[in-house]
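**Q** After the sequence you'll find the predicted model.
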Amino acid sequence: MTPGSTAVPALPSPRTPDPLAAPALNWGVLGTGWIAERFIGSVRRHTRQRFAAVASRGAARAEEFAVRHDITRAYGSYEELVADGSVDVVYVATEHTAHLTCARLALEAGKHVLVEKPLGINAAQAAEIARLASDRGLFCAEALWTFFLPRFDVVRQVLDSGMLGEVRSVLADMGEYFDPAGGHRILRADLAGGPLLDLGTYPVSLATWVLGRAETVQSSGVQHPAGVNGQVGAVLNTERGGQAVLHTTLFGDTPTTATVAGTEGTLHLPGPFYHPGDVLFTPTGGGTPRTYTEPRTAHEGLHFEATEVARCIKNGQLETPLRPLADSIATMRVMDEIRHRCGIDFPGE
């Protein structure tokens, strides 16, 4: 340190175990889309986990994906994959409307399961998956990768330590532009499109995690020309006086930042707040800020959820404390209420 300079105090270090130390399991993947590509890539580069099989609704697509990702077995149906005796755990990476069906298939076949977020398209589906996993004595988790990142373990420690005092406010935003002519599934009403399940899950889950159960939910939405909801703003209030102001949109790229404010200090998560990145703490009324810094590696951080799953399964745990199923269901209940107030219905409801 140079003479006269002052080191900025650091926040706690993450307690995240070494991903390479996690026991290696054989994974089967249901779905061959964007998130499956990135999950497999990140897990392969940073862990000892193995990908034994992949399935799609068509054999040709599954085979092409398997060749590209050096996966031994490719199946043209989800039923075939969950019957594969070499598969220890199934990662459900299908469209949202198939999460319940695929999770049920895997659990009924005796497979542990990691279901891509959201756990279901509504709280009833999420609760059904959780009940089935419990009844079968199998591990189940929602792959909401943010909660498994080292960055969020720092946030977890700050919250648990009481550094913020009484936490009263959460501000969070998640917006991304989608071209109406692009044909993305987020613009398809038949696939439960709109920003809420894909993007809004992040701010809503942060708010429900930090503040607890929402006593009241107010929301307003704007329709998208593609026939789905295009934008939602929501205010959540808790019985103890906590409030969250949340926003998600398909109409433009927004800052995607988050702030958690308490009586003793404020945490700021620079955007994208749900990715790997920094944590900034500012004491109330002045004082020296404290920081935690990590590389902004984006979706390269997906492997942390895989190794947490592997550790839990080997330890005989049916859930992960980093994202308990009750938290996933609580998030879905709030999103159900947001949709109800905006008049947003999903297929089959």
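**A** On my side now, so go ahead.

**Q** domains of the chain?
**A** 19-145, 147-302+319-342 (automatic domain parsing).

**Q** Give me the neighbour count for residue 223.
**A** Residues near residue 223, counting by other Cβ atoms under 10 Å, number 14. (C-beta placed from N, C-alpha, C; glycine too.)

**Q** Just list the residues touching it, thanks.
**A** 229, 230 (Cβ atoms under 8 Å, 6 or more residues apart in numbering).

**Q** which phi and psi does it have?
**A** Phi and psi for residue 223, reported as degrees, to the nearest 10, are phi -80, psi 150.

**Q** who's in contact with the helix or strand that residue 62 is a member of?
**A** In this assignment (DSSP states H and E), residue 62 forms part of helix 59-68. With Cβ under 8 Å, 6+ apart as the test, helix 59-68 has contacts from 32, 36, 54, 55, 56, 71, 72, 73, 74, 75, 76.

**Q** Could you identify the helix or strand that succeeds that helix?
**A** Going down the chain from helix 59-68, the next helix or strand is strand 73-75, by DSSP H and E.

**Q** Tell me where the stretch 151-300 of the chain has helices.
**A** Taking DSSP state H, counting those that start in this stretch to define them, one finds helices in the stretch 151-300 of the chain at 195, 201-211.

**Q** Relative to residue 97, which of the ones you listed is closest?
**A** Shortest distance between residue 97 and these, using Cβ to Cβ, is found for helix 201-211: 15.1 Å.

**Q** returning to that earlier point: would you convert the contacts of helix 59-68 into TSV that also reports distance to residue 119, pLDDT and neighbour count?
**A** Output for the contacts of helix 59-68, formatted as TSV (distance: Cβ to Cβ, whole Å; pLDDT from 0 to 100; neighbours: other Cβ atoms under 10 Å):
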residue	distance to residue 119	pLDDT	neighbour count
32	21	98	23
36	17	98	22
54	21	98	28
55	20	98	29
56	21	97	25
71	25	98	20
72	29	94	12
73	27	98	18
74	26	98	22
75	24	98	21
76	26	97	16
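
**Q** nearest to residue 281, of those residues?
**A** Nearest to residue 281 among the contacts of helix 59-68 is residue 36, at 35.9 Å by Cβ to Cβ.

**Q** what comes up buried for the helix holding residue 62?
**A** Using 16 or more other Cβ atoms under 10 Å as the test for burial, helix 59-68 gives 62, 63, 65, 66.

**Q** any chance of the helices of the stretch 151-300 of the chain in CSV, plus mean pLDDT, mean neighbour count and distance to residue 80?
**A** Putting the helices of the stretch 151-300 of the chain into CSV (pLDDT from 0 to 100; neighbours: other Cβ atoms under 10 Å; distance: least, Cβ to Cβ, whole Å) gives the following:
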stretch, mean pLDDT, mean neighbour count, distance to residue 80
helix 195, 98, 25, 34
helix 201-211, 98, 25, 30
